[in-house]
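Asks: This is the structure alone, sequence omitted:
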């Protein structure tokens, strides 16, 4: 392990302990869970951009996805939590790994230092704004909160398909995916005609 | 059930467009892409049907003064404002498809995806300009963006096309993330994703709305709104979110550049107008919210001034015509923002008029660029030297577009700018109008470099082989540019009907 990586992982471990401790002191068991999920989410993301190997980056993304699923559980969004694991951990991550296996690994060079200053300034600025918002915002919360025995999956299903709720958005999402798929296939396919130079092709208009 | 069918009827143009894109895709598969021109003709025919449906809808809406607001499926707002932009989108899609057909550097077979992706982007525009619902808006915007990313890299064997696509994806993804963050904050604060409810709610019941939040602590709401505006600013390439524009416009195939610079940008403006209008200016809006609206107006005015100045000054230095037009489109974004900064119904309809003018003159200017790319195999302005005598009709028409882009009579660009200036002064933005006027003078220099290269040099040695179809088509756009500049009434009526349907209150003082 290089020295820079040692410092990175050392700092990450210390921050993890600090976050867990702070969560436990502030809000007991739920705080501990919140701290754990925060560490998973943020730490996973940091490791993802730190590591040079794409495979390691992909696996650290798994931590991020699991952390977010944890937040959904804390928010009583059981359906979203399961969908998050099913789709992101089970689907997207597997896809990324397949993609890594099928492409030549040439991402050995790390050029993060060039933009590091900008990233840190941007990140700190964003964090400052986020904290300012978080401490002064009064969130719009319904009085009811998540009721006992409410079937979230059922509510989401009805919301997607009922004519006066989200049916258009649901169907439009299908169109978005179709277009994205066709676009991806076009970009990825290797047909000789696509790779010929464009100059001097074709006849008159 | 009746309601369901009626709602389906309301979104018939969108449905037909979606169906058309799928038919195009399947047709291309079945014919194995042997002759992609068939696919283009099919798309054009389908767009004709969509335009017919939209015109019918426009007739119904205009009969009620554009005010009859109908919401289909609880999300899609059918009003004159949206239909106005949809009509122009269909028009520019058809023009872009004709450009692809006329592009001599483009292959003639195996490019069915080109048309499918263009139509897909069109579907995105259709939904984003006709909704007050932030979820649908975001989906439409993403559909447009995804299609645009891949279209920018359509010539994937060309390095700069691939690079354009990559840059567009990265910056686009970042801006979409920022915008989504803003939307989620706004939802968390107001308890709704419907723009109308946000603006009007007085905070006594549910949803909470903007007024109560502004009264309590303006910072979180302001942050949310600024983040969302940043996302829009990226889409319409307003400084400081413009840096992707020249590279992407230059690298993308020219018909795609045309689409991005014209249809995509105008759609971004449509959404921006609707967003600001619905939150701050709509009839019955809370006075606290309206007061903050004025500050947003000032912010937009400053951005407008910076955008037009930077766009024009950068355009001066360009040697490539494609890059120059990219910077010129940034400058024009600044002009349109002027109408928005006025924060009055008249200012909004002036912005709509200018956008309509923008469709004509920029479709024309990019068409001219495409024509001479085919002739010269180069985008340099120097390569145009003396070509005016070899292709006189196209070149004379181009002069008309240039006059319009500069904002001189008797063109539609002149009248549009006049309206914007007038409404700007009326709203007390004299300083901004002064900057815009100075900018127009600056733009004269670079626009007329093209005219000078065409006509004020020795006739070129090379011959331009005639392309009667393309020439006639550009001439038609040129006629439109001048005709609508002389008979301004129809366009003006349409933009006013469109603005009326947004339900913006007259200035309160």
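Replies: Sure, I can see it. Not measured: the values here are computed from a predicted model.

Asks: Distance-wise, check residue B:105 relative to residue B:373.
Replies: Computed with CB to CB, to the nearest Å, the distance linking residue B:105 and residue B:373 is 7 Å. To be clear about C-beta, it is placed using only N, CA and C from the backbone, and glycine gets the same treatment.

Asks: So what's the residue count around residue 103?
Replies: Going with chain A. Counted by other CB atoms under 10 Å in any protein chain shown, the residues lying close to residue A:103 total 10.

Asks: wrong chain, I was asking about chain B
Replies: For residue B:103, using other CB under 10 Å, the count is 23.

Asks: so how far is chain A from it?
Replies: From residue B:103 over to chain A the distance is 8 Å, taken as CB to the nearest CB, to the nearest Å.

Asks: dump the residue contacts of that residue.
Replies: A:205, B:253-255, B:370, B:374 (CB atoms under 8 Å, 6 or more residues apart in numbering or on different chains).

Asks: And the residue of the stretch 251-400 of chain B closest to chain A?
Replies: Of all residues in the stretch 251-400 of chain B, residue B:377 sits closest to chain A, at 6.9 Å by CB to the nearest CB.

Asks: what's around that residue, how many residues?
Replies: Counted with other CB under 10 Å, residues neighbouring residue B:377 total 12.

Asks: coming back round to it: any chance of the contacts of residue B:103 in a markdown table with distance to residue A:88 and secondary structure as columns?
Replies: Listed next are the contacts of residue B:103 as a markdown table, based on distance: CB to CB, whole Å; DSSP: H, G, I helix; E, B strand; the rest coil:
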| residue | distance to residue A:88 | secondary structure |
| --- | --- | --- |
| A:205 | 47 | coil |
| B:253 | 34 | coil |
| B:254 | 39 | helix |
| B:255 | 37 | helix |
| B:370 | 43 | helix |
| B:374 | 47 | helix |
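
Asks: Turn the residues you listed into a markdown table, including neighbour count and pLDDT.
Replies: Formatted as a markdown table, the contacts of residue B:103 follow (neighbours: other CB atoms under 10 Å in any protein chain shown; pLDDT from 0 to 100):
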| residue | neighbour count | pLDDT |
| --- | --- | --- |
| A:205 | 18 | 33 |
| B:253 | 25 | 92 |
| B:254 | 25 | 93 |
| B:255 | 25 | 94 |
| B:370 | 26 | 92 |
| B:374 | 20 | 85 |
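
Asks: low pLDDT regions in chain A?
Replies: Scanning chain A for pLDDT under 70 picks out A:1, A:104-114, A:143-149, A:191-205.

Asks: what residues does the strand or helix carrying residue A:99 touch?
Replies: In this structure, residue A:99 is located in helix A:93-102 according to DSSP states H and E. The contact list for helix A:93-102, computed with CB under 8 Å, 6+ apart, reads A:54-55, A:58, A:61-62, A:65.

Asks: In ChimeraX, select just the buried ones from these.
Replies: Remark: buried members of those, expressed as a ChimeraX selection using 16 or more other CB atoms under 10 Å in any protein chain shown:
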select /A:54,58,61,62,65
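
Asks: The longest helix seen in chain A - contacts with which helices or strands?
Replies: Ranked by residue count under DSSP state H, the longest helix found in chain A is helix A:3-50. Where contact means 3 or more CB pairs under 8 Å, 6 or more residues apart in numbering or on different chains; DSSP states H and E, helix A:3-50 is packed against helix A:54-74.

Asks: Check whether the helix it packs on comes into contact with chain B.
Replies: No. Using CB under 8 Å from any CB of the partner chain, helix A:54-74 never reaches chain B; the gap is at least 13.1 Å.

Asks: helices or strands up against that helix?
Replies: helix A:3-50, helix A:78-84, helix A:93-102.

Asks: and residue A:150, that's in a strand?
Replies: No. Residue A:150 sits outside any strand when classified using DSSP: H, G, I helix; E, B strand; the rest coil, being coil.

Asks: Tell me how many other residues crowd it.
Replies: Per other CB under 10 Å, the neighbour tally for residue A:150 reads 11.

Asks: Give me the residue ranges of the stretch 101-250 of chain B where confidence is low.
Replies: Scanning the stretch 101-250 of chain B for pLDDT under 70 picks out B:203.

Asks: which stretches of it form helices?
Replies: Taking DSSP state H, counting those that start in this stretch as the test, the helices found in the stretch 101-250 of chain B are B:112-129, B:134-152, B:159-190, B:195-200, B:209-216, B:218-235, B:244-251.

Asks: returning to what we had before: could you dump the contacts of residue B:103 to TSV with distance to residue B:306?
Replies: Shown next, in TSV, are the contacts of residue B:103 (distance: CB to CB, whole Å):
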residue	distance to residue B:306
A:205	40
B:253	30
B:254	28
B:255	30
B:370	31
B:374	36
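
Asks: Redo the helices and strands packed on helix A:54-74 as TSV? Include mean neighbour count.
Replies: Shown next, in TSV, are the helices and strands packed on helix A:54-74 (neighbours: other CB atoms under 10 Å in any protein chain shown):
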stretch	mean neighbour count
helix A:3-50	15
helix A:78-84	17
helix A:93-102	12
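
Asks: and residue B:80, which of these is closest to it?
Replies: The minimum distance between residue B:80 and these falls on helix A:78-84, with 38.3 Å, by CB to CB.
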